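Undergrad: need coordinates for the following:
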Amino acid sequence: MWNQIKTVLLLGILTGILLLIGDLFGKTGLTVAIVIVVLMNSITYFFSDKIALMMYRAKELKKSQYPLLHSMVKDIAKRAGIPGPKGIYLIPTPQANAFCAGRGPSHYVVACTEGILSLLTKEELKGVLAHEIGHAKNRDVLIATIAATIAGVITYLAHMLQFTAIFGRSDDNQGSGNIVSLLVLAILTPIIAMIIQLAISRSREYLADETGAKIVKDGKPLASALEKINASVKDNPMKFGSEAGSSLFIANPFKGNFLINMFSTHPPFEKRVERLREMRF
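TA: From the prediction side, this is the model:
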């Protein structure tokens, strides 16, 4: 419940920042920014599954190829109270990982790596699949798109502010002060927007953990799976695809560095494991 409230509060703060910076441009500038960014993010929203599957070289798994996986996904979706995915896909990498992509409960896909199918126990794999189906149930792609749209408009307007501050002319001290204020606002607001967007992403990961644990009525299998996945990511970092899609996965598939960890779309795995082990059903 707290993660849902946190998401609403963070989206509210993002909207407030947008209104604050948008007020400096009047209706025309704000409208242009919104139209451009909404168009870009709408394309991503409607084709997110196809883009992600192509990006990570995923191939559809037929039921005859892996009947156990299909059976697990069908059972978990039924327990979650949503339709099954439009497809189940395999990513050709020894790294243990998985993701869910799509618009929501009625249109999503689930993808697993070769590594996760060979590394996890049946119960651990169920926990991971429940987490991924939890993302679809909670409409996390929609939430992420809304956050990205608002943050994108803020960033677009901030760039316009930078242009105004740098190339705008003023001959008095008050004007110089206004230019400095505009530059500070233009630099800080995109950073704040990005930090809030990442916080929303992390809160949705916690919520998917919680939802997945509730679906299988046990948080321990997912906790155990996360420990194995974290070790696997370190040993087998993803060698293809783009870091732009890393937020889709249950764990960041790329080798972390200071900046990636600092601005991560995922909560610290130790915290996730601790929370999951403390859950009671």
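Undergrad: grab the nearest non-local neighbour of Ser48.
TA: Excluding the flanking residues, the one nearest Ser48 by C-beta to C-beta, 6 or more residues apart in numbering is Ala101, at 5.2 Å. Yep, even glycine has a C-beta here, placed from its N, CA and C like the rest.
Undergrad: looks to me like that neighbour is in a strand.
TA: Yes: when the secondary structure is assigned by DSSP: H, G, I helix; E, B strand; the rest coil, Ala101 falls within a strand.
Undergrad: in contact with it, which residues?
TA: For Ala101, the contacting residues are 48-49, 51-53, 108-109, 111, 141, 248, taking C-beta atoms under 8 Å, 6 or more residues apart in numbering as the criterion.
Undergrad: from those residues, pick the one nearest Ser203.
TA: Within these, the smallest distance to Ser203 is 14.7 Å, found for Val141 (C-beta to C-beta).
Undergrad: just say helix, strand or coil for that closest one.
TA: State at Val141, reduced to three classes by three-state DSSP: helix.
Undergrad: residues contacting it?
TA: 45, 48, 101-104, 108, 135.
Undergrad: just give me the closest of those residues to Leu14.
TA: When these are compared for distance to Leu14 (C-beta to C-beta), Tyr45 wins out at 17.0 Å.
Undergrad: tell me, how many residues neighbour the spatially closest residue to the closest one that is not a sequence neighbour?
TA: Leaving aside its chain neighbours, Tyr45 sits nearest to Thr145 (4.5 Å; criterion: C-beta to C-beta, 6+ apart). For Thr145, the number of neighbouring residues by other C-beta atoms under 10 Å comes to 20.
Undergrad: can I get the contacts of Ala101 in a markdown table including secondary structure, distance to Leu157 and pLDDT?
TA: Written out in a markdown table, the entries for the contacts of Ala101 read as follows (DSSP: H, G, I helix; E, B strand; the rest coil; distance: C-beta to C-beta, whole Å; pLDDT from 0 to 100):
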| residue | secondary structure | distance to Leu157 | pLDDT |
| --- | --- | --- | --- |
| Ser48 | helix | 25 | 79 |
| Asp49 | helix | 30 | 88 |
| Ile51 | helix | 26 | 87 |
| Ala52 | helix | 29 | 88 |
| Leu53 | helix | 33 | 93 |
| Tyr108 | strand | 32 | 94 |
| Val109 | strand | 34 | 95 |
| Ala111 | strand | 35 | 96 |
| Val141 | helix | 25 | 79 |
| Leu248 | helix | 27 | 87 |
